[in-house]
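Enquirer: Got a sequence here, can you model it:
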Amino acid sequence: MTCKEAEKLIPVFLEDDLDTDDLREFMEHIDECGECKEELSIQFLVKEGLSRLEAGSVFDLKNELEYRIGMEEHALKMRESLMWLSYLLDGLVVIAAIVLVALVMAFY
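Expert: Numbers count the residues shown, from 1 in each chain. Sure thing, here's the model as predicted:
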């Protein structure tokens, strides 16, 4: 993923609206690119900071962003695990269908 692509995805990330593939690529890029991580921090600060100031809330945006990134990494691992589980279950259904057809054919 290029920096330009990652920067376009920052608002989508902040809205928690990235699909699994985009989230994986985005997280990998943010991990490796300090400039894009800085841009993420700035956009997070603007988005969250302004709403918190208006509400009069106390906040620690740096730690909140790090927490959010950690949660997204965990969510990505869960999504990928579920994806592989669905592939496994699909395979088991196919195998069961083949066995069923073989059993039916054996009785005829």
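
Enquirer: Okay, now the unreliable bits of this protein?
Expert: 55-59 (pLDDT under 70).

Enquirer: Quick check: closest non-adjacent residue to R79.
Expert: Distances taken as Cβ to Cβ, 6 or more residues apart in numbering put T20 closest to R79, at 4.6 Å, once the chain neighbours are dropped. Glycine gets a C-beta too; all of them are placed from N, C-alpha and C.

Enquirer: what's the burial count for that neighbour?
Expert: Counted with other Cβ atoms under 10 Å, residues neighbouring T20 total 14.

Enquirer: Equivalent analysis for F107, please.
Expert: 5.

Enquirer: Please report the distance of it from L100.
Expert: 11 Å (Cβ to Cβ, to the nearest Å).

Enquirer: again, but for E25
Expert: 40 Å.

Enquirer: For the two, indicate the residue with more neighbours.
Expert: E25 (15 against 10).

Enquirer: any idea which helix is longest in the chain?
Expert: What stands out as the longest helix in the chain, according to DSSP state H, is helix 61-107.

Enquirer: and that one, how far out from the chain's middle?
Expert: 15 Å (Cα atoms, centre = their mean, to the nearest Å).

Enquirer: list the helices and strands it packs on?
Expert: In terms of contacts (3 or more Cβ pairs under 8 Å, 6 or more residues apart in numbering; DSSP states H and E), helix 61-107 is packed against helix 20-32, helix 34-55.
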